[in-house]
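J.: Let's see this in three dimensions:
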Amino acid sequence: MTITRRQLMGGVLALASLAAPARSQVLTADGFVEIHAQKVTLDLLEAGVGKTPAWLLGPGPGPAVIRARQGQELKLRFINDLDREVWLHFFGVRGPNELMTINVPAGADHAVDCVFTPPDAGTFWIAPMSDQSRLRDMGLTAVLVVEEAVPIPGITDLVMVLDDWKLADDGTVEGSFGDIEAMVGEGRLGNWFTINNRFRPKLELARGSYTRLRILNAANVRTMYLLFKGQDPLLIARDGQPVKPETLNGKSIALAPGERADLLVNASEGDIGLALDLFEDIAEIGYLVAPKGSVAPAAIADNFALPPNPVAPLSAPDKMRAVTLTLEGGIKGGLTAAKLNGEERDLRTLLENGKGWAINGVAGPAAEPMFSAKRGETIRLEISNKTAFAQPLHIHGHAWQVLGAEVGPFQDTVVVPAGQTVSLAFTADNPGLWALHSLVAERADGGLIGTFTVTE
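T.: Sure thing, here's the model as predicted:
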């Protein structure tokens, strides 16, 4: 894609994606968006061969997409039609503590209402916080699109959820959940790639405007190295937070589990092939198709960028309080013992209890948080990864920045390379009890999760 700043976006098209709610978005008489956790059957394999029983936050076949407006009240009602309770978290949303992680018991009589005003515009997601390996791999996620407070003309949304399902030959999800080797190893790696629960779909680009690709990697463990063939998209946001716009220059964009990216493409420059760089191979996973007769959108200002979100800035370096977090566990991860439910346990006992990872010597959430911060205090986290794997970590209720020669953009996920230490900082401006954990589902289930508090 050859694109200049002057050609990024233009015209007076309103956001077409706001004209109608997503298929899975049902508005009740009292103004709630109703979201059902339910069993569905998907056609994931080629030519309709085999069926895939799945659990979605909506009727399917595509992922649920919930739409909101920055600064306006959002009213959600969750109904759990499954045979088990689910804990759901709003990943990346800096909303009120008591609503960002919710328990939804099974049964229509136990609907849970969630009403809040999103402070940030961006691409976020809703996913399980307990039994993550099973529930995420069965498809129980949703995308939350929060539009900017002032609509941006000339852009149409296209949500893309990338996933790799672990399927048997008949299309069913392989049921090896709770496997200890997967938990302490790489994780539950899938073998079948989809976009929006479809195999190699053809998704249509917008006519006469730019298409804003809102991309989520919903896989349990796989980092997606996404390639665009035929155009060079413009990256405008990551993890729901605006970044300085830049083209990919023909390279792949890496998305760890749970990471999101927003990119602009232009239908007037033709079709786009989507592929994953698997290092030993390239896998085609879908296509973005330009409508016939597409024309280039009008010009915009040279200094185009998404408006910043109201994230609290960092204090000066000498005003930050340092907190060290040490990650251990997994194969060749050095973990011999850890506290579990307040008691020191050897590795064998930990594994018998489904745990194999720890933060600061504690496997899973403990009675006492890892650290506490006062509201408005800037915390500098020194995260030391002593494991044999790169670790994508997510922080709840806040956005952090990587510290280095230059301070990185705001984000809610960071990948800590194996054997290395990464310095991050965030201003604790959202009171409550929050979590920090791995975004590899099996590792979060296996103990790589802890809590912190922000007090008034």
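J.: I believe residue 237 is in a strand; please confirm or correct that.
T.: Yes - the assignment for residue 237 is a strand, going by DSSP: H, G, I helix; E, B strand; the rest coil.
J.: quick one: residue 271 and residue 291, what's the gap?
T.: Note on residue 271: its distance to residue 291, by CB to CB, to the nearest Å, is 10 Å. Yep, even glycine has a C-beta here, placed from its N, CA and C like the rest.
J.: wait, I meant residue 144
T.: 28 Å.
J.: Equivalent analysis for residue 90, please.
T.: Taken as CB to CB, the span from residue 90 to residue 291 is 34 Å.
J.: Look at those two and report which has more neighbours.
T.: residue 90 (23 against 12; other CB atoms under 10 Å).
J.: dump the residue contacts of the more buried one.
T.: 99-101, 124, 126, 144 (CB atoms under 8 Å, 6 or more residues apart in numbering).
J.: try 6 Å
T.: 100, 126 (CB atoms under 6 Å, 6 or more residues apart in numbering).
J.: Next: residue 62.
T.: Contacts for residue 62 were tallied using CB under 6 Å, 6+ apart; they are 196-197.
J.: so where is this structure shaky, pLDDT-wise?
T.: 1-26, 299-300 (pLDDT under 70).
J.: how near is the spatially most central residue of it to residue 130?
T.: In the chain, the centroid-proximal residue (CA atoms, centre = their mean) is residue 258; its distance is 2.9 Å. Distance, residue 258 to residue 130, using CB to CB: 16 Å.
J.: what sits opposite residue 402 in the beta ladder?
T.: Per DSSP bridges, residues listed as beta-bridge partners of residue 402: residue 424.
J.: Next, count neighbours for it.
T.: 15.
J.: so residue 220 sits right up against residue 138, yeah?
T.: No - counting by CB atoms under 6 Å, residue 138 is not a contact partner of residue 220; they are 10.5 Å apart.
J.: Between these two, point out the one with more neighbours.
T.: residue 220 (25 against 22).
J.: From residue 137, how far off is that one?
T.: According to CB to CB, residue 220 stands 5 Å off from residue 137.
J.: same question, residue 164
T.: Taking CB to CB, one finds residue 164 at 9 Å from residue 137.
J.: Settle it for me: which of these two has more neighbours?
T.: Counted by other CB under 10 Å, residue 164 and residue 137 do not tie: residue 137 has more neighbours, with 27 against 23.
J.: mind listing what the more buried one touches?
T.: residue 220.
J.: repeat for residue 356
T.: 183-184, 329, 446.
J.: what's the answer for residue 174, then?
T.: With CB under 6 Å, 6+ apart, residue 174 has these contacts: 166, 168.
J.: residue with max distance from the center of this structure?
T.: Among residues of the chain, the one most distant from the C-alpha centroid is residue 293; the distance is 34.8 Å, by CA atoms, centre = their mean.
J.: does that one count as helix, strand or coil?
T.: What three-state DSSP gives for residue 293 is coil.
J.: what about the nearest residue to it once chain neighbours are set aside, distance to residue 298?
T.: The shortest distance from residue 293 to any non-neighbouring residue, by CB to CB, 6 or more residues apart in numbering, is to residue 207 (7.7 Å). Noted for residue 207: a distance of 14 Å to residue 298, by CB to CB.
J.: what does residue 100 give?
T.: 39 Å.
J.: ditto for residue 37
T.: 43 Å.
J.: What of residue 167?
T.: From residue 167 over to residue 298 (counting by CB to CB), the distance is 45 Å.
J.: likewise residue 213?
T.: For residue 213, the distance to residue 298 (CB to CB) stands at 20 Å.
J.: More neighbours: the two, which one.
T.: The neighbour comparison of residue 213 against residue 298 (other CB under 10 Å) goes to residue 213, with 25 against 16.
J.: what's around the residue nearest to the more buried one when sequence neighbours are not counted, how many residues?
T.: Distances taken as CB to CB, 6+ apart place residue 263 nearest to residue 213, at 4.7 Å, with adjacent residues excluded. Neighbouring residues of residue 263 were enumerated by other CB under 10 Å; the total is 27.
J.: Against which helices or strands is the one helix or strand residue 263 maps to packed?
T.: Here residue 263 sits within strand 260-266, counting by DSSP states H and E. Counting by 3 or more CB pairs under 6 Å, 6 or more residues apart in numbering; DSSP states H and E, the packing neighbours recorded for strand 260-266 are strand 210-217, strand 234-238.
J.: By neighbour count, which bits of whichever helix or strand comes after that strand are buried? Give me those.
T.: Once the chain leaves strand 260-266, the next helix or strand it forms, by DSSP H and E, is strand 272-277. Going by neighbour count (16 or more other CB atoms under 10 Å), the buried part of strand 272-277 is 272, 274-276.
J.: just checking, what packs against strand 272-277?
T.: strand 224-229, strand 282-289.
J.: mind running it again at 10 Å?
T.: Here strand 272-277 touches strand 155-165, strand 192-195, strand 210-217, strand 224-229, strand 282-289, going by 3 or more CB pairs under 10 Å, 6 or more residues apart in numbering; DSSP states H and E.
J.: Rebuild the ones you listed as TSV, extending it with distance to residue 30.
T.: Shown next, in TSV, are the helices and strands packed on strand 272-277 (distance: least, CB to CB, whole Å):
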stretch	distance to residue 30
strand 155-165	26
strand 192-195	34
strand 210-217	28
strand 224-229	39
strand 282-289	38
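J.: out of those, which comes closest to residue 382?
T.: strand 210-217 (26.5 Å; CB to CB).
J.: Within the helices and strands, which one has the closest residue to residue 120 other than its chain neighbours?
T.: Nearest non-adjacent residue to residue 120, counting by CB to CB, 6+ apart: residue 309, 4.0 Å away. In this structure, residue 309 sits in neither a helix nor a strand according to DSSP H and E.
J.: Spit out the contact partners of residue 309.
T.: Residues in contact with residue 309 (CB atoms under 10 Å, 6 or more residues apart in numbering) are 70, 94, 118-122, 146, 148, 237, 240-242, 399, 410.
J.: buried subset of the residues you listed?
T.: Of these, these count as buried by 16+ other CB under 10 Å: 70, 94, 118-122, 146, 148, 237, 240-242, 399, 410.
J.: Mind checking which of those residues are in strands?
T.: Counting by DSSP state E, the part of the buried ones among the contacts of residue 309 found in strands is 122, 146, 237, 241-242.
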